[in-house]
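# test case, fold it:
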Amino acid sequence: REDVTFDLKQVYDKAGITFHQAKAISIHPEGSKDNESPFVTVEFTDEARAGQEEALTYDYLINATGPKLNFNATEGLGPDNGYTVSVCTAKHALEANEKLHEQIEAMKNGEQRTFVIGTGHGMCTCQGAAFEYTYNVDHTLREAGVRDKARIIWISNEYELGDFGMGGVHIKRGGYVTNAKTFSESLMVERDIEWITRAHVNKVEPGKIHYELLDGSMGELEFDFSMLIPPFAGVGLQAFDKKGEDITGNLFAPNGFLKVDGDYTPRPYEEWSAEDWPKTYQNPTYKNLFAIGIAFAPPHPISKPMKSTNGTPISPTPPRTGMPSAAMAVNVAKSIRDMLNGAEKPTHHASMAEMGAACIASTGSHFIRGSAVSMAVYPVVPDYVKYPAYGRDLNLTTGEVGLAGHWMKYMLHYTFMYQSKMKPGWSYMPD
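Take a look at the predicted model:
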């Protein structure tokens, strides 16, 4: 844990930024009867002021809260009140690692074990995190010499393997165009990993997962160890106008994410457009309010929405982490800088339909025997007007797997931590 976490206050102090260890409770974009300035109500979480509330006024506000890990969306999901582990926080990951090694010890004693990894709800995003974890578990079991004692099963709400909430991708390889389904299936077959797609996990009991498929059928999976990603939701911020009346429904989408300059007009999948996606991340009503990363409300999914014959939604929600989040943050910061200097509106754009993203997913963490999948996608949101065949530029959409990818990921880890701590030269490093 010490390798991947650090005290935020000392970093912000170095940059001359006032830091409060607190959680936001409500946004008051018009102020109140007693306060003319817009403000955010926060509740302090540090030891000195835990539980105390304060109104922090602002000229500009950026909502960059990230997600709420909505384990409660599926009965029995999660490490706190359920029967599965998680890797979504440092604490969760440590607990998951301890339980993984308990299973390894049992296998060393000759016992068979079943591992189920994937998504814990039909509307999950962040399939990539579970995908990566699956292969690292496989690699860890091989390194421990117990892979023959393990059955590994991937379960996902994706229509096909390799969807990743982006509707899948196509890659040029060896003179042919290969889709992500073929690419992902080959990785799993090579490592003897089974898979179940088009699945909504509706309940988890001790040692048993209940799920529903798109065709309406129900299934059960017994497990000894399971890591399922929860669905994401907004963190539960409320909003009030100057009179104190609740305007949460106006400011936020039903899932709790903040509405920005996207086109939220409901329309069928066939009428979706790259132009629907936000460019400036500015709220259309309150021009000094922005949202970036997971915190902004996407206008619609990227993958085609699906429902089972029982009416249960089973399809991925859009990914908005990693490189896209960084691009949004940089461009919103530049827009606010220019607005402070007199610009009437945001000056920088960062539409996910106009940006690329690179991702390196570990498939075995070892400096000599490790490997990683290195992928680049452009654009993140397909644009079938510019790229009619596949929605993306195949010259800029690539995928490879190998040891070099692991080395690159290893370097990125250390570079990211170095930059996050604002060490010398950090601002010259690319995001």
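
# which residues does the closest residue to Asp263 other than its chain neighbours contact?
Spatial nearest neighbour of Asp263, excluding adjacent residues (C-beta to C-beta, 6 or more residues apart in numbering): Asp276 at 4.3 Å. No exception for glycine: its C-beta is placed from N, CA and C like everyone else's. Contacts for Asp276 were tallied using C-beta atoms under 8 Å, 6 or more residues apart in numbering; they are 262-263, 299-300.

# which phi and psi does Phe183 have?
The phi and psi torsions at Phe183 (degrees, to the nearest 10) take the values phi -60, psi -50.

# any idea which helix or strand in the protein has the lowest mean pLDDT?
strand 170-173 (a mean of 88; mean pLDDT, DSSP states H and E).

# packing partners for that one?
Where contact means 3 or more C-beta pairs under 8 Å, 6 or more residues apart in numbering; DSSP states H and E, strand 170-173 is packed against strand 176-179, helix 180-190, strand 398-402.

# what residues of the second one count as buried?
Along helix 180-190, the positions that meet the burial threshold by neighbour count (16 or more other C-beta atoms under 10 Å) are 180-185, 187-188.

# a markdown table for these, including distance to Gly145 and pLDDT?
Output for these, formatted as a markdown table (distance: C-beta to C-beta, whole Å; pLDDT from 0 to 100):
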| residue | distance to Gly145 | pLDDT |
| --- | --- | --- |
| Ala180 | 32 | 92 |
| Lys181 | 32 | 94 |
| Thr182 | 31 | 92 |
| Phe183 | 29 | 89 |
| Ser184 | 27 | 93 |
| Glu185 | 27 | 95 |
| Leu187 | 22 | 93 |
| Met188 | 21 | 96 |
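
# which of those sits closest to Asn310?
Using C-beta to C-beta, Lys181 is the member of the buried residues of helix 180-190 that sits closest to Asn310, with 25.0 Å.

# excluding sequence neighbours, find me the nearest residue to that closest one.
Of all residues not flanking Lys181 in the chain, Glu160 sits nearest, at 4.3 Å (C-beta to C-beta, 6+ apart).

# residue contacts, the one you found?
By C-beta under 8 Å, 6+ apart, the residues touching Glu160 are 168, 180-181, 197.

# and those residues as a markdown table, adding distance to Glu54?
A markdown table is the format used below for those (distance: C-beta to C-beta, whole Å):
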| residue | distance to Glu54 |
| --- | --- |
| Gly168 | 47 |
| Ala180 | 47 |
| Lys181 | 51 |
| Thr197 | 47 |
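
# show me the one of the helices and strands packed on strand 170-173 that comes nearest Glu354.
strand 398-402 (18.5 Å).

# Ser37 contacts Thr57, doesn't it?
Yes: between Ser37 and Thr57 there is a contact under C-beta atoms under 8 Å: 4.1 Å.

# strands of the stretch 51-200 of the chain, start to end?
Taking DSSP state E, counting those that start in this stretch, the strands of the stretch 51-200 of the chain run over residues 53-57, 61-63, 68-69, 113-119, 150-155, 170-173, 176-179, 193-196, 199-205.

# for those, give me CSV that also has mean neighbour count and distance to Gln419.
Shown next, in CSV, are those (neighbours: other C-beta atoms under 10 Å; distance: least, C-beta to C-beta, whole Å):
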stretch, mean neighbour count, distance to Gln419
strand 53-57, 14, 27
strand 61-63, 22, 19
strand 68-69, 19, 25
strand 113-119, 24, 30
strand 150-155, 21, 33
strand 170-173, 17, 29
strand 176-179, 13, 34
strand 193-196, 17, 34
strand 199-205, 22, 36
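
# least reliable of these by average pLDDT, please.
Note on those: lowest mean pLDDT is at strand 170-173, with a mean of 88.

# which residues does it contact?
Residues outside strand 170-173 that contact it (C-beta under 8 Å, 6+ apart) are 177-180, 183, 390, 392, 394-395, 397-399.

# for Asp148, state which of the residues you listed is nearest.
Phe183 (26.0 Å).

# wait, what's in contact with the closest one?
Neighbouring residues of Phe183 by C-beta under 8 Å, 6+ apart: 162, 171, 399.

# go again with 10 Å.
161-162, 168-171, 173, 373, 375, 399-401 (C-beta atoms under 10 Å, 6 or more residues apart in numbering).

# what about the closest residue to Val330 other than its chain neighbours, neighbour count?
Using C-beta to C-beta, 6+ apart and skipping residues adjacent in sequence, the residue nearest Val330 is Asp431, 6.2 Å away. When counting by other C-beta atoms under 10 Å, one arrives at 10 neighbours for Asp431.

# repeat that for Met429.
11.

# secondary structure element holding the residue lying closest to it once chain neighbours are set aside?
Spatial nearest neighbour of Met429, excluding adjacent residues (C-beta to C-beta, 6+ apart): Gln419 at 5.0 Å. Per DSSP states H and E: Gln419 is located in helix 403-420.
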